[in-house]
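Participant: Show me the folded form of this:
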Amino acid sequence: MTSLQSSNITGLLHRWADGDAEAIDEIVPIVYERLRQLARQQVRADADASLNTTELVHEAYLKLVDTPAAGLKDRGHFFALASRVMRHLLVDHARARKTSKRGSGQIPVAIELDLPITDDKLEILTELDDALKRLEALDERQARILEQRYFGGLSLEETAEALGVSLATVKRELRSARAWLAADLRAAPSR
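Facilitator: Sure, this is the predicted structure:
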């Protein structure tokens, strides 16, 4: 994304925050490919995938247009919001699929943080979301870092920009958050 596009997004975000509902319609074509990349990281081209990239981007768009833009300073904040929206959509989708499959004898699979959302991974996604909620209660910033990295696919630099912290802080807290997450997921079966 060029610096011109980045500044255009920032200007459009300010218009959106000021109540110009048409600004989001101008933002999406500029960021559409990046949203597809973020979604593609979550929904791999897999024959067993139960949600495809286009569906996820379109559902995210529908949620984004209904979200207040106040507090969005720049494209980093926009992509952080998109990450959160995609996380909630994926988890809601996984929970709905899991409910429809309850009792099907599925065996839990080891956690992979960049997993495609296939039927056999629904349990993992919901466990990950529950763990992120527990982490959020302890350290909201670490939970946001994990969310933006793994649900949103933001780079370390984009995550730092979105959170308004240094790259070193993101790297340090990401290590800590990963360690906490691994320990929490290991303990999850005993809950």
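Participant: Dihedrals phi and psi, Asp74?
Facilitator: Torsion angles at Asp74 (phi, psi; degrees, to the nearest 10) stand at phi -160, psi -180.
Participant: what number of residues lie near it?
Facilitator: Applying the criterion other CB atoms under 10 Å, we find 17 residues in the vicinity of Asp74. Any C-beta I mention is one placed from the backbone N, CA and C, and that applies to glycine too.
Participant: what comes up buried for the helix or strand hosting Leu62?
Facilitator: Under the criterion of DSSP states H and E, Leu62 resides in helix 53-65. Of the residues in helix 53-65, those buried by neighbour count under the rule 16 or more other CB atoms under 10 Å are Thr53, Leu56, Val57, Glu59, Ala60, Tyr61, Lys63, Leu64.
Participant: In TSV, list those along with distance to Asp20.
Facilitator: TSV is the format used below for these (distance: CB to CB, whole Å):
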residue	distance to Asp20
Thr53	28
Leu56	26
Val57	22
Glu59	23
Ala60	20
Tyr61	17
Lys63	19
Leu64	15
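Participant: Between those residues, which sits nearest Arg40?
Facilitator: Distance to Arg40 across those (CB to CB) is lowest for Thr53, with 5.0 Å.
Participant: Which residue is the nearest non-sequential neighbour of the closest one?
Facilitator: Once flanking residues are discounted, Thr53 sits nearest to Ala39: 4.5 Å by CB to CB, 6 or more residues apart in numbering.
Participant: contact partners of the host helix or strand of the one you found?
Facilitator: Assigning secondary structure by DSSP H and E places Ala39 in helix 22-42. Counting contacts by CB atoms under 8 Å, 6 or more residues apart in numbering, the residues outside helix 22-42 that touch it are 1, 5, 8-9, 12-13, 15-16, 53-54, 56-57, 60-61, 64-65, 69, 75, 78-79, 82-83, 86, 90, 114, 116-117, 151-154.
Participant: repeat for stretch 176-191
Facilitator: Outside stretch 176-191, the residues within contact range by CB under 8 Å, 6+ apart are 111, 127-128, 130-132, 134-135, 138-139, 142-143, 145-146.
Participant: how far out from the middle of the chain is it?
Facilitator: Relative to the centre of its chain, stretch 176-191 is centred 19 Å away, using CA atoms, centre = their mean, to the nearest Å.
Participant: What's the mean pLDDT across it?
Facilitator: Mean pLDDT, stretch 176-191: 82.
Participant: Please apply the same query to stretch 131-144.
Facilitator: 93.
Participant: coming back round to it: tell me the pLDDT of the residue nearest to Thr53.
Facilitator: Residue-level confidence at Ala39 comes out at 73, pLDDT.
Participant: what packs against the helix ranked longest in the chain?
Facilitator: When every helix of the chain is counted residue by residue (DSSP state H), the longest turns out to be helix 75-101. Helix 75-101 makes packing contacts with helix 3-17, helix 22-42, helix 53-65, helix 122-138, helix 156-163 when contacts are defined by 3 or more CB pairs under 8 Å, 6 or more residues apart in numbering; DSSP states H and E.
Participant: What residues sit buried inside it?
Facilitator: Under the neighbour-count rule (16+ other CB under 10 Å), helix 75-101 has 75-91, 93-94, 97-98 buried.
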